[in-house]
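Engineer: Output the structure for:
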Amino acid sequence: MAIDCLAGYLYELKQSGEPFPEPTPQNKVNVKAEADEDDDYTGEDITVTMVNVDVDEYAKKYFNKSVKKTLSIPRWMNDKAVSAWIIFSQVLQNVLKAELSMRNLL
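Structural biologist: The predicted structure follows:
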């Protein structure tokens, strides 16, 4: 679960062009920083563990996985596109990227 959380956070930073934060040395981690006021943990109850993730590999496996979509277009448009060797999925991806960029969602 820690790897999923770290990978998601770093992937979002990478997508937005923000720099990755410097890792905190193990002996400098504040183990009480995220604790709730009603937690009964003591220093002995908490273990600090290093988490390692290859963001690019993780993204390939989980974030960039293709999703099948079904769409309908007029037959005449399909015939012309097929005869022009147009790759439908690539065209749709290009248009969606442009549209999302225009809306500042990418």
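Engineer: name the element Asp38 belongs to?
Structural biologist: Assigned by DSSP states H and E, Asp38 belongs to no helix or strand.
Engineer: How is this structure divided into domains?
Structural biologist: Annotated domains of the chain cover 1-65, 67-106 [automatic domain parsing].
Engineer: Lowest average confidence across these, which one?
Structural biologist: Confidence, taken as mean pLDDT, is least for domain 1-65 of the domains of the chain (a mean of 83).
Engineer: and the end-to-end length of that one?
Structural biologist: For domain 1-65, the first-to-last residue distance is 19 Å (CA to CA, to the nearest Å).
Engineer: same deal with stretch 53-73?
Structural biologist: First-to-last residue span, stretch 53-73, CA to CA: 42 Å.
Engineer: Going by neighbour count, which residues in that stretch are buried?
Structural biologist: Using 16 or more other CB atoms under 10 Å as the test for burial, stretch 53-73 gives 53, 55, 58-59. Glycine gets a C-beta too; all of them are placed from N, C-alpha and C.
Engineer: Distance across stretch 66-82, terminal residue to terminal residue?
Structural biologist: 22 Å.
Engineer: so the residue lying closest to Lys69 once chain neighbours are set aside is in which element?
Structural biologist: With CB to CB, 6 or more residues apart in numbering as the criterion, Lys69 has its nearest non-adjacent residue at 7.6 Å, and that residue is Leu92. Element membership for Leu92 (DSSP H and E) is helix 88-102.
Engineer: Next, the buried residues of that helix.
Structural biologist: Residues of helix 88-102 classed as buried: none (neighbour count, 16+ other CB under 10 Å).
Engineer: Centre of the chain to it, how far?
Structural biologist: 18 Å (CA atoms, centre = their mean, to the nearest Å).
Engineer: any idea how far the residue nearest to Lys69 is from Ile73?
Structural biologist: Distance from Leu92 to Ile73, counting by CB to CB, to the nearest Å: 10 Å.
Engineer: For this protein, which segments count as helices?
Structural biologist: Applying DSSP state H to the chain gives helices spanning 2-16, 55-58, 75-83, 88-102.
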